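Enquirer: sequence and predicted structure are below.
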Amino acid sequence: MSVNSKHIATFLMGAAAGLAAYKYANMSDEEKEKMMTDIKDKANAFKEEAEGLADKAKEYFEELKTKGGDALKDNMGDVESIFKDLFGKKDEGEKAV
C-alpha cells in the first residue's frame with residue numbers, strides 16, 4: 001500500500017492534536033481558564049466581523065444591482081427603440097420581407 005498526501009496529512013493532524021492534548025493536560029487551572037477566555041474572545045470577534053461583512057455584502061450587491069442597471073441604460077443607448085424596430089409589430093402599410 002502506498003503512502004499518499006492524505007495519509008501524511010492525517011498523521012500530522014493526529015500528532016498535532018496529541019501534542020495539544022498533552023500541553024492542555026499539563027496546564028494549571030488558571031492557564032486553562034485564560035486560554036478558554038482567549039478562545040471565546042477571538043471567536044466572538046470573528047463572529048462579529050463575519051456578521052458585519054455579511055451586511056456589507058448585502059449592501060454591495062444591492063448597490064451593484066441599481067448601479068448596474070443604470071450603467072447599462074447609459075452605455076447601451078436607446079436599446080428599447082432598437083428592439084421595437086427589430087421585433088415590433090409592422091404597420092399595415094409595411095410588409096415583412
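Expert: Yep, it's here. Values in this document were obtained by computation on a predicted structure and should not be read as measured data. Numbering: from 1, shown residues only.
Enquirer: what's downstream of the helix or strand that contains residue 11, the next helix or strand?
Expert: Secondary structure from DSSP states H and E places residue 11 in helix 5-25. Of the helices and strands lying after helix 5-25 in sequence (DSSP H and E), the nearest is helix 29-76.
Enquirer: between that following helix and helix 5-25, how many degrees?
Expert: Calculated by axes from the mean of the first three to the mean of the last three Cα atoms, to 10 degrees, helix 29-76 forms an angle of 140 degrees with helix 5-25.
Enquirer: distance between the worst-scoring helix or strand of the chain on mean pLDDT and the chain's centre?
Expert: Least confident helix or strand, the chain: helix 79-87 with a mean of 77, by mean pLDDT, DSSP states H and E. Taking Cα atoms, centre = their mean, to the nearest Å, one finds helix 79-87 lying 38 Å from the centre of the chain it belongs to.
Enquirer: by contact count, what packs against it?
Expert: With contacts defined as 3 or more Cβ pairs under 8 Å, 6 or more residues apart in numbering; DSSP states H and E, helix 79-87 has no helix or strand neighbours. Every residue, glycine included, has its C-beta placed from N, CA and C.
Enquirer: okay, the angle between it and helix 29-76?
Expert: Going by the same axes, to 10 degrees, helix 79-87 makes 60 degrees with helix 29-76.
Enquirer: now helix 79-87 - C-alpha only, CSV.
Expert: C-alpha atoms of helix 79-87 as CSV (Å, rounded to 0.1, in the frame of the first residue of the first chain):
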residue,chain,number,x,y,z
VAL,A,79,-32.0,49.8,-26.8
GLU,A,80,-35.7,49.8,-26.3
SER,A,81,-36.4,51.6,-29.6
ILE,A,82,-33.9,49.3,-31.4
PHE,A,83,-35.8,46.2,-30.2
LYS,A,84,-39.1,47.8,-31.1
ASP,A,85,-37.8,48.4,-34.6
LEU,A,86,-36.5,44.9,-34.9
PHE,A,87,-39.2,42.9,-33.2
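Enquirer: I appreciate the help and will end here.
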